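Trainee: take a look and give me a structure for this.
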Amino acid sequence: MNAPPHPHHGVADLCSEGVLLYERALREGRLSAADAAPAPCLLELGLLHPAVDDLGHLEPVAPAVALHRQLNSTAARIADERRREERLTTLFEPLMRLSGSRTAPMESASLRVLYGNEQINQAITEAMDETREELLCIQPRAGLDGERGATATEVALRRDQAVLDRGCRIRTLYQHTTRHIQSIIGQYELLNGDAEARGLDEVTDRLIIVDRAVAFLPANEEGTLALEVRHPVLVTHLATAFDRFWRLATPMYPQAVQRPSLNGVTPRQRAIATLLVEGHTDAVIAARLGMNIRTARVHIAKLAATLGSESRAQLGYLIGRSGILDREPEQDRAPHPAPER
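Mentor: Numbers count the residues shown, from 1 in each chain. Predicted structure coming up:
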């Protein structure tokens, strides 16, 4: 089994393994690259560097030198922030003297449109950094912030773990057809804390709710716009909708509940049957259930074969006659108490 990725941190938050290996390097004068491997942060943070005479060994930077570098870096950041404050003040002071009769009222701060992945990521990260109770998410596909790839996954895991480390809980709803569902569960297994995931046949678009005080949802199909909502009534409405979805959902993690078939019809086929009898096209069914149209048609063909249908019209009749939509197996749903507050 692969070891979990080394946590990202700065010098001020040096991990315990890093501290021990740095102390050892100072005592012994150098470490082999293999001995230093458990704490790659020492190289990244500049506390160790390759030995000139033997690239297979690492030598420690003197603590006084490392401290001086860090203090210089901190001073430079503070100076940059002060210069930024001055520029902002210079920009906005004359604007603030203008009449505000044609500007949006202050209440509009409860709704803010975020543009571009960088601004969306920053707003979500800042809100999550303030989480004190719970994080609620609906993720039909990739994250709301448009993150992709292994590096983005590590960023998301670090962000989630920071929330859990503060004693908060994370509840996430996925669509049953989400690809690489085992990979998602594997990512949850890397987290330590109160994290739980459930699945539904159909979910809404992406949603993130922090402490039932701020919510983020997409504002366009491309994912380049998001809406930050801080209006208490709207956030409460979204959180209540999440709670109801959550009670209907099937547990995926930490303990998965197997959804059984009924009379030879799988849960996925029952979801498709429901949409078929409502008269939806294959394309709409695929979109609603988060699958491509070819997969949807394969499921429809299997459902037709199971029920002995020879045509689309007959299939709708046989679905109604079969009774598969009248009830679901008792095992299909585990009793889910309302979320604790």
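Trainee: mind pulling up the phi and psi values for residue 29?
Mentor: With angles defined as degrees, to the nearest 10, residue 29 sits at phi 90, psi -20.
Trainee: can you map out the strands along the stretch 101-250 of the chain?
Mentor: Under the criterion DSSP state E, counting those that start in this stretch, the stretch 101-250 of the chain contains strands at 111-115, 134-139, 169-175, 194-200, 207-210, 214-218, 225-229, 250-253.
Trainee: so which of those is the most packed in?
Mentor: A comparison of the strands of the stretch 101-250 of the chain by mean neighbour count, using mean count of other CB atoms under 10 Å, puts strand 207-210 on top with a mean of 24. Glycine gets a C-beta too; all of them are placed from N, C-alpha and C.
Trainee: partners of that one in the sheet?
Mentor: Note on strand 207-210: by DSSP bridges, its sheet partners are strand 134-139 (antiparallel), strand 214-218 (antiparallel).
Trainee: circling back to that earlier point, between the strands of the stretch 101-250 of the chain, which gets nearest to residue 239?
Mentor: Residue 239 lies closest to strand 207-210 among the strands of the stretch 101-250 of the chain, at 5.4 Å (CB to CB).
Trainee: which residues touch that closest one?
Mentor: 124, 127-128, 130-131, 135-138, 144, 215-217, 235, 238-239, 242 (CB atoms under 8 Å, 6 or more residues apart in numbering).
Trainee: on that earlier part again, out of the strands of the stretch 101-250 of the chain, nearest to residue 90?
Mentor: strand 111-115 (24.0 Å).
Trainee: first residue to last residue on stretch 31-44, what's the distance there?
Mentor: 15 Å (CA to CA, to the nearest Å).
Trainee: chain center to that stretch: distance?
Mentor: Mean C-alpha position of stretch 31-44 versus that of the full chain (CA atoms, centre = their mean, to the nearest Å) differs by 30 Å.
Trainee: now swap in stretch 207-222 and tell me
Mentor: Its chain's average C-alpha position is 12 Å from that of stretch 207-222, according to CA atoms, centre = their mean.
Trainee: try stretch 267-278
Mentor: The answer for stretch 267-278 is 29 Å, by CA atoms, centre = their mean.
Trainee: report the mean per-residue pLDDT for it.
Mentor: For stretch 267-278, mean pLDDT is 78.
Trainee: what do you get for stretch 212-224?
Mentor: 90.
Trainee: again, but for stretch 316-331
Mentor: 65.
Trainee: same check on stretch 299-307?
Mentor: Stretch 299-307 comes out at a mean pLDDT of 82.
Trainee: could you do stretch 187-205 as well?
Mentor: On average, stretch 187-205 scores 84.
Trainee: could you list the low-confidence segments of the stretch 1-150 of the chain?
Mentor: 1-3, 99-109, 141-150 (pLDDT under 70).
Trainee: just the helices in it please.
Mentor: Using DSSP state H, counting those that start in this stretch, the helices of the stretch 1-150 of the chain run over 16-28, 33-36, 41-44, 63-96, 116-129, 149-165.
Trainee: alpha carbons only: can I get the first one in PDB?
Mentor: The C-alpha trace of helix 16-28 is given here as PDB (Å, rounded to 0.1, in the frame of the first residue of the first chain):
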ATOM      1  CA  SER A  16       7.900  16.200  13.900                       C
ATOM      2  CA  GLU A  17       9.700  13.800  11.500                       C
ATOM      3  CA  GLY A  18      11.300  16.800   9.900                       C
ATOM      4  CA  VAL A  19      12.400  18.200  13.200                       C
ATOM      5  CA  LEU A  20      14.000  14.900  14.300                       C
ATOM      6  CA  LEU A  21      15.800  14.400  10.900                       C
ATOM      7  CA  TYR A  22      17.100  18.000  10.900                       C
ATOM      8  CA  GLU A  23      18.400  17.600  14.500                       C
ATOM      9  CA  ARG A  24      20.100  14.300  13.400                       C
ATOM     10  CA  ALA A  25      21.700  16.000  10.400                       C
ATOM     11  CA  LEU A  26      23.000  18.800  12.600                       C
ATOM     12  CA  ARG A  27      24.600  16.200  15.000                       C
ATOM     13  CA  GLU A  28      26.000  13.900  12.400                       C
END
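Trainee: show me the contact partners of it.
Mentor: Taking CB under 8 Å, 6+ apart as the rule, helix 16-28 contacts 14, 31, 35-36, 38-39, 41-42, 47-48, 58-60, 63.
Trainee: mark which of the residues you listed are buried, thanks.
Mentor: For the contacts of helix 16-28, burial is judged from neighbour counts taken by 16 or more other CB atoms under 10 Å, and it is met by 14, 31, 36, 39, 41-42, 47-48, 58-60.
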